[in-house]
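In: Need coordinates for the following:
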Amino acid sequence: MNEYVAVLDLGTSKMLALAVSMENRSNIIASAQVESGNAMKRGIIADETEFKTKINELLENFQAKLPAPLTKIYIGLGGQGLHSETRTSTMPNEGEVIEQPTLSAMEEDFSQQSLEWPVDLLDMYAAIPEYYLDGELEDEPIGKTAQRIEGHYFCIVGHQQEMKEILDNTLRAAGIDVVDYFISPLATAASALSIQEKQAGCALVEMGATLSYLSIYSDGKLCYLQTLPLGGDAITGDLCTLDKNLTTADAEKKKITEGKAFALENDSEAIKWIEARMLEILSNLKALIQQSGYADQLEAGIVLTGGASQLRQIDQLWATLSKLKMRLISDRPEQSCALGMAKLGKELCGQVKQSAPVEKEPEKEPEIEPVATDETEQKNGIGANFAKWITKKDKSAGKNKNKEDKKDKNSGMKDLFSGFAEKILND
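Out: Modelled structure (predicted):
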């Protein structure tokens, strides 16, 4: 069986589809990519019609390269506004012994409260909740007594519900089911960070075209997530401003082939402009790290990935700002998110079915003076040894799902990213 896992990474500049072997996740079976054009802006859909056109174009190109029909896919969601928050829920307990149903009821009450938030609750399972009994932190609340229980929930929130609904409908129309949605920066961490780095304390930066995600890990778990609305496209725009004759495509090419982040006195004006913009991006990231409260707990330093991270000498410029060591992802940094999703995905998205071997009929002893009859013609006539297989594909799955209303938009807390925290915590 040639089985594979398929993923879809939606960026502001490019959309990428990737399939890896189920047995060997480092073995890329097929990939396809299209320019995002005007379909997306800062990770969010800007033009729905163009977005659907681009998705269908990408899927068509992708399907043509796959060894078997694509029936399912994993998708990463990110975008401007994606960040973490710690929110609380309080429940009176009147001195009763705390049991698991009590904590489950608190959790359910919290999820209902989230329906009134101005943002979408994407995940509240990225970290284990903290419980305070009568104001005191208690690691093991079950079996204890308290007058009041306060739950502190680490949540990841954003504005991705509308995008999810559009993707669901677009993929379903193409006959493809969305297996699960991953939070993009968390998927990136699955491919870019080691278990040791997460445990020791590490800041992961994924620098894209228009956004940079900052994820901080300590003691093996995610502690902080923030999105900076700056990326590599800002440098491209600066080069166009500096030279009015440059097209955006020419400026992008110049940035990649000639650009570097660390300027010397005799470097060109363009290099100095690049340094100034990258210094702004890195300075903002440093400020966010300080703001997180984990700046002094990052023993493993900072890890940098993403398409814009490929600008030369970023680590040298960072060294002028911070004593935190920087490690650069050198192997396909622009695909870190897609590779992370491929690593986390557990469900088969397509496979090549091998035909069953045709059994040979036992040779018969030659008959003396054979006599042709209707019966022997039926047995030995045309098509006697021809096998037929009729494969029926159930296309009804997912067809009868009703569109979710506003009240159910955050039911994805348990199914939008179902099982995602478990995959991350068990990584």
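In: Sketch out the low-pLDDT regions of the stretch 101-250 of the chain for me.
Out: Within the stretch 101-250 of the chain, the segments meeting pLDDT under 70 span 125-126.
In: For residue 206, name its beta-bridge partners.
Out: residue 213, residue 305 (DSSP bridges).
In: Quick one: residues contacting it.
Out: By C-beta atoms under 8 Å, 6 or more residues apart in numbering, the residues touching residue 206 are 184-185, 188, 192, 212-213, 215, 305-306, 309, 336-337. Where C-beta positions appear, they are placed from N, C-alpha and C, glycine not excepted.
In: Let's see that with 7 Å instead.
Out: Residue 206 is in contact with 185, 188, 212-213, 305-306, 336-337, counting by C-beta atoms under 7 Å, 6 or more residues apart in numbering.
In: okay if I get those residues as TSV plus neighbour count and distance to residue 29?
Out: Output for the contacts of residue 206, formatted as TSV (neighbours: other C-beta atoms under 10 Å; distance: C-beta to C-beta, whole Å):
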residue	neighbour count	distance to residue 29
185	28	25
188	31	21
212	26	30
213	28	27
305	30	23
306	26	24
336	28	18
337	33	18
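In: Number of residues surrounding residue 106?
Out: Look at residue 106: counted by other C-beta atoms under 10 Å, it has 21 neighbours.
In: Does the strand or helix carrying it pack against any helices or strands, and if so which?
Out: Here residue 106 sits within helix 100-113, counting by DSSP states H and E. Counting contacts by 3 or more C-beta pairs under 7 Å, 6 or more residues apart in numbering; DSSP states H and E, helix 100-113 is packed against strand 83-92, strand 148-158.
In: now that helix and strand 148-158, what's the angle there?
Out: Calculated by axes from the mean of the first three to the mean of the last three C-alpha atoms, to 10 degrees, helix 100-113 forms an angle of 40 degrees with strand 148-158.
In: Can you point out the buried residues in helix 100-113?
Out: 102-103, 106-107, 110-111 (16 or more other C-beta atoms under 10 Å).
In: ok, back up a step: between the helices and strands packed on helix 100-113, which gets nearest to residue 55?
Out: Ranking the helices and strands packed on helix 100-113 by proximity to residue 55 (C-beta to C-beta) places strand 148-158 first, at 19.9 Å.
In: what helices or strands is that closest one leaning on?
Out: strand 83-92, helix 100-113, strand 120-123, strand 130-133.
In: which other residues reach the longest helix along the chain?
Out: Across the chain, the longest stretch assigned as helix under DSSP state H is helix 269-292. Taking contacts as C-beta under 7 Å, 6+ apart, the residues outside helix 269-292 that touch it are 203, 205, 212, 214, 216, 224, 226, 228, 230, 234-235, 238-239, 242, 255, 259-263, 295, 311, 314, 317-318, 321-322.
In: Now with 8 Å, please.
Out: 203, 205, 207, 212, 214, 216, 223-224, 226, 228, 230-231, 234-235, 238-239, 242-243, 254-255, 258-263, 295, 298, 302, 311, 314, 317-318, 321-322, 324.
In: ok, now stretch 98-108?
Out: By C-beta under 8 Å, 6+ apart, stretch 98-108 touches 89, 91, 93, 96, 124, 129, 131, 133, 141-146, 149, 151, 153.
In: Reformat the helices and strands packed on strand 148-158 as CSV; add distance to residue 2.
Out: Output for these, formatted as CSV (distance: least, C-beta to C-beta, whole Å):
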stretch, distance to residue 2
strand 83-92, 39
helix 100-113, 41
strand 120-123, 33
strand 130-133, 46
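In: of all the ones you listed, which lies closest to residue 58?
Out: Across the helices and strands packed on strand 148-158, closest to residue 58 is strand 120-123 (C-beta to C-beta), at 23.5 Å.
In: Could you pull out the buried residues of that closest one?
Out: The neighbour-count check on strand 120-123 (16+ other C-beta under 10 Å) flags 120-123 as buried.
In: Over to stretch 214-228?
Out: Quick answer for stretch 214-228 (16+ other C-beta under 10 Å): 214-218, 222-228.
In: Can you tell me the element residue 238 falls in?
Out: helix 232-242.
In: chain center to that helix, what's the gap?
Out: Chain-centre distance of helix 232-242: 28 Å, with C-alpha atoms, centre = their mean, to the nearest Å.
In: quick one: which of the buried residues of strand 120-123 is nearest residue 33?
Out: residue 122 (25.6 Å).
In: residue contacts, the nearest residue to the closest one once chain neighbours are set aside?
Out: Distances taken as C-beta to C-beta, 6 or more residues apart in numbering place residue 156 nearest to residue 122, at 4.8 Å, with adjacent residues excluded. Residues in contact with residue 156, defined by C-beta under 8 Å, 6+ apart, are 82-84, 121-124, 126, 183, 186, 225.
In: ok, what's across the strand from residue 156?
Out: When assigned by DSSP bridges, residue 156 has beta-bridge partners residue 84, residue 123.
In: tell me the secondary structure for the closest residue to residue 229 other than its chain neighbours?
Out: With C-beta to C-beta, 6+ apart as the criterion, residue 229 has its nearest non-adjacent residue at 5.6 Å, and that residue is residue 80. Counting by DSSP: H, G, I helix; E, B strand; the rest coil, the backbone at residue 80 sits in coil.
In: tally of neighbours for residue 80?
Out: So residue 80, with other C-beta under 10 Å, has 17 neighbours.
In: do residue 321 as well
Out: 13.
In: Residue 331 too?
Out: Residues lying near residue 331 (other C-beta under 10 Å) number 11.
In: which stretches of the stretch 301-427 of the chain have low pLDDT?
Out: Counting by pLDDT under 70, the stretch 301-427 of the chain shows low-confidence ranges at 351-427.
In: Kindly recompute the last result at 90.
Out: Scanning the stretch 301-427 of the chain for pLDDT under 90 picks out 350-427.
In: Distance of the residue nearest to residue 229 relative to residue 218?
Out: Going from residue 80 to residue 218 by C-beta to C-beta, to the nearest Å gives 25 Å.
In: Over to residue 190?
Out: Using C-beta to C-beta, residue 190 is found at 17 Å from residue 218.
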